[in-house]
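Asks: Sequence plus the predicted model coming up.
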Amino acid sequence: MHKGWRENSSNANNMIEEIRKAFEEISPILKNYPRKGIFVVSHEPTPDQLEELKNNWDIQEIVRMPKDIASKWQSIPPGKESIEEEILVIKNWIDEVCTPGDVVIIQGDYGASFMLADYVRKLAFTPLYAATKREVEEKRLEEGSVEQKRIFRHVMFREYKKIK
């Protein structure tokens, strides 16, 4: 489908209708794949996250990074100008495990997360991140210092989106 400039070109509504029809044609094919949640996160998913993925995102299978790939994701060098080489390993793994309709949960180094979310979106997968509620507990110690404990509670997943 190409909608280049020409006299009497079709309007946006016609293009949207063509896309809708094309999606209807491939929808039966997509239903043959179990929808997966691909975790590109430094920690194991929490029970609340797993429940939300199942109930709100129709995820039937969770795919975690293999240890060698997870190790690379967790150790992206903060002092390196370009991290594309490190991201390439994760990108290649995503290419291997993702199928149409999958979601990819991405959290970690800000730049790496941005790059992967952008890449995943271009492949028509859904990139998500976890929104959390942060609670802080403070405890005064005997010598007068304060110890803080931060608790992150999962609230929901949000889709990485571009600003319009």
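Replies: That came through fine.
Asks: what residue ranges in the protein score low on pLDDT?
Replies: Across the chain, the ranges flagged by pLDDT under 70 are 1-12, 23-24, 26-32.
Asks: Strands of that one, residue ranges please.
Replies: 36-40, 61-64, 103-106, 126-140, 146-159 (DSSP state E).
Asks: closest one to Leu116 among the ones you listed?
Replies: Relative to Leu116, the nearest member of the strands of the chain by CB to CB is strand 103-106, separated by 5.1 Å. Any C-beta I mention is one placed from the backbone N, CA and C, and that applies to glycine too.
Asks: got a list of contacts for the closest one?
Replies: Outside strand 103-106, the residues that touch it by CB atoms under 8 Å, 6 or more residues apart in numbering are 35-41, 45, 49, 53, 57, 59, 94, 98, 113, 116-117, 120, 125-130, 157, 160.
Asks: Return a ChimeraX selection command for the buried portion of these.
Replies: Entered in ChimeraX, the line below selects the buried ones among the contacts of strand 103-106, by 16 or more other CB atoms under 10 Å:
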select :35,36,37,38,39,40,41,45,49,53,59,94,98,113,116,117,120,125,126,127,128,129,130,157,160
